[in-house]
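A.B. asks: Would you be able to build a 3D model of this:
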Amino acid sequence: MRRLAAVVVAGVLTGAVVPGCATEENPGDPLQVAATLEPARPAVSPAQSSDLPGVVAPVGRASSVVVAGGRVAVAVTDPPSVVGFPLDALSSGAPSSEPLVVALPGPAERLVAAGGAVEAVVPAGAVVTVRPDGSSSSREVPGGPVDVVSVGGRTLVAQREAGQVVAGDHAVTGISSPDRLVAVGDRAVVLDRPRSAVFDLDPSADRPGAGLRAGEGATNAVADRFGRVFVVDTRGGELMAFSANPVLMRLRYPLPGAPYGMAYDAGRDLLWVTLTERNEVVGFDVSGGEPVERHRHATVGQPDSVAVDPGSGRVFVASGSGQGMQVIG
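C.D. replies: You can find the predicted model right below:
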C-alpha cells in the first residue's frame, strides 16, 4: 500500500508575497509560479487494450456525468445535450430503454445534481435545469459560467470569464479563474486551475479569503462528509486534501496516471478518481486519516468524468472521446 506523504503547512497565503513564488510578470501574486498560466488538462488516453468490467452504454463525447433523480445524466458535446438513463434501466446491464435527450444552447462544462434535477452549466452563457421528466428551463448567466453549488440555501455560480462568483445580486470578485466550487458548510472552496490554487470563499464577502497552492496543475475537487476538500493534481500526479476556513493542506498522496475525474460516495466513504493516462478508475477508502486503495478498474478510453450512485454504489465513467459510458457494479 502506498504511504501518505508527510505534509507540514507553515501558514496560509493571503495578500503577502512569499519569497520565490511570485514572478516578474505578476510580482504581487504569491500563488503564481510561472510566467504563463496554463491550466492542466486531462492526459490523452492510450488505446484501450483491457477487457472492461461492467457494460458500456453508447453516448457521444462526454464532458460530465452525474446521478440525480433516479437517473444518470451525461453531458454530450455534439450535439450539445444532456442524455439521461433511468438507473433501473441499467440495473441488469445494457440500457433497456431509449435514453432521454434534452438539447442545450451550447456544450455543458459541468453537470451538478440539484435535488432530483440536474443543472447543466453552459459557458456560452446559461444554466439549464433538466428535470427527471425531461422538462427543462434555462436562465441566462453572463460571464462564462462553469460551475454551480448550493451554500446555505444560496446558489453560487462561478463565472470564469468575469473572474467572480455570484450569489444572487452579490459578487465575490478578485478570482482570476474560478473553475470549480465545492460547498463546505455555509462557505465554499474555489479552485483556480491556471494558478493551481484553492481559496476559502465566504458568499457574503467582497473578495475571496486565504489561498494555498494545490500542486502543479490541480483540475478538480470534491468534498467529503467530514468537511475535507479532495483535489487532484493532474500535472503532478497527486491526490490532496484541504480543510476549509481556514484553508489548510491536510494530506498529499502520490497518484500517477494523470488523475482527473472525481466522485465521492458518502455512504461508503469511497472516493473515485479517474486516471486518463492509464484508462483506469480507482476507488479509495477515505474514512481514515489516509486514503486506502480498495478498487481499481480498467475503463473506456479517455475517462474524463465519473459519477457514483449513492444507493447501489455503482460507478459511471464517461468517455471524453465518444467511447461511451461505462457502468461498473
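
A.B. asks: so who does the spatially most central residue of the chain touch?
C.D. replies: Note on the chain: the residue nearest the mean C-alpha position is residue 220, at 4.1 Å, using CA atoms, centre = their mean. Applying CB atoms under 8 Å, 6 or more residues apart in numbering, we find residue 220 in contact with 180, 191, 231, 232, 234, 260, 261, 262. Placement of C-beta: from N, CA and C, glycine included.

A.B. asks: so which pair among the residues you listed is furthest apart in space?
C.D. replies: The largest separation in the contacts of residue 220, counting by CB to CB, is between 191 and 261 at 14.2 Å.

A.B. asks: before we move on, back to that, which ones among the contacts of residue 220 lie within strands?
C.D. replies: 180, 191, 231, 232, 260, 261, 262 (DSSP state E).

A.B. asks: from those, which is closest to residue 242?
C.D. replies: For the ones in strands among the contacts of residue 220, the nearest to residue 242 is residue 231 (6.6 Å; CB to CB).

A.B. asks: who's in contact with that closest one?
C.D. replies: 191, 198, 214, 215, 218, 220, 221, 239, 240, 241, 242.

A.B. asks: how about JSON lines for those residues, with secondary structure, pLDDT and distance to residue 148 added?
C.D. replies: JSON lines is the format used below for the contacts of residue 231 (DSSP: H, G, I helix; E, B strand; the rest coil; pLDDT from 0 to 100; distance: CB to CB, whole Å):
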{"residue": "191", "secondary structure": "strand", "pLDDT": "98", "distance to residue 148": "14"}
{"residue": "198", "secondary structure": "strand", "pLDDT": "98", "distance to residue 148": "18"}
{"residue": "214", "secondary structure": "coil", "pLDDT": "97", "distance to residue 148": "21"}
{"residue": "215", "secondary structure": "coil", "pLDDT": "96", "distance to residue 148": "25"}
{"residue": "218", "secondary structure": "strand", "pLDDT": "98", "distance to residue 148": "20"}
{"residue": "220", "secondary structure": "strand", "pLDDT": "98", "distance to residue 148": "15"}
{"residue": "221", "secondary structure": "strand", "pLDDT": "98", "distance to residue 148": "14"}
{"residue": "239", "secondary structure": "strand", "pLDDT": "98", "distance to residue 148": "24"}
{"residue": "240", "secondary structure": "strand", "pLDDT": "98", "distance to residue 148": "23"}
{"residue": "241", "secondary structure": "strand", "pLDDT": "98", "distance to residue 148": "23"}
{"residue": "242", "secondary structure": "strand", "pLDDT": "98", "distance to residue 148": "21"}
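
A.B. asks: I'd like those laid out as CSV, including distance to residue 311.
C.D. replies: Formatted as CSV, the contacts of residue 231 follow (distance: CB to CB, whole Å):
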residue, distance to residue 311
191, 28
198, 30
214, 31
215, 33
218, 30
220, 23
221, 24
239, 25
240, 29
241, 26
242, 28
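
A.B. asks: so where's the chain shaky on pLDDT?
C.D. replies: Of all residues in the chain, those with pLDDT under 70 make up the ranges 1-36, 91-96.

A.B. asks: Isn't residue 97 up against residue 88?
C.D. replies: No: Residue 97 is beyond contact range of residue 88, at 9.4 Å (criterion: CB atoms under 8 Å).

A.B. asks: Return the distance of the residue nearest to the centre of the chain relative to residue 167.
C.D. replies: 22 Å (CB to CB, to the nearest Å).

A.B. asks: now residue 110
C.D. replies: 17 Å.

A.B. asks: for residue 268, helix, strand, or coil?
C.D. replies: Following DSSP: H, G, I helix; E, B strand; the rest coil, residue 268 is assigned to coil.
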